[in-house]
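[1] Got a predicted model here, sequence first, then my questions.
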Amino acid sequence: MLLIQVKKYYESIDNEEIVTGKYNKLNISPVHIHKNKICHKEAILTLGEELVGYIQHNHVPAVEYASGAGSEEVAVEN
C-alpha cells in the first residue's frame, strides 16, 4: 500500500499519471488478501521497479533535508 501512496504522491506533483503497465497486468492490489505471498512480492517488486524508472526518467529532485530539522539528541536504550 505504501508504494501505491508513493505513486499517488508523484502523480500529484507532476500532474500526470505514472504508467505502470507491468504492475497492472498482474491484476493484484494491496487489498487482494486472498492472493499468496509470492504474488504480492512480485507485485511489490514490479511496482517499485516502475516507480524508480519513472523517477529516474523524469529526474524528480531528491528529497532535501534542512539542517537543524532533526533533533541532535540521540536516544540510548540501556
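    Ah, there it is.
[2] per-residue confidence at residue 33?
    Model confidence at residue 33, given as pLDDT, is 85.
[3] got it, and residue 67?
    Per-residue confidence at residue 67 stands at 60 (pLDDT).
[4] Also residue 76?
    With respect to pLDDT, residue 76 has a value of 50.
[5] Tell me who's in contact with residue 5.
    Residues near residue 5 by CB atoms under 8 Å, 6 or more residues apart in numbering: none. Using the backbone N, CA and C atoms, a C-beta is placed for each residue, glycine as well.
[6] actually residue 57, sorry about that
    Taking CB under 8 Å, 6+ apart as the definition of contact, residue 57 has no neighbours.
[7] Helices of the protein, start to end?
    Listed from the start of the chain, the chain has helices (DSSP state H) covering 2-14, 21-25, 37-58.
[8] Out of these, the one nearest residue 31 is which?
    With CB to CB as the measure, helix 2-14 is the member of the helices of the chain nearest residue 31 (9.8 Å).
[9] How far does the closest one sit from its chain's centre?
    Centre-to-centre, helix 2-14 and its host chain are 7 Å apart (CA atoms, centre = their mean, to the nearest Å).
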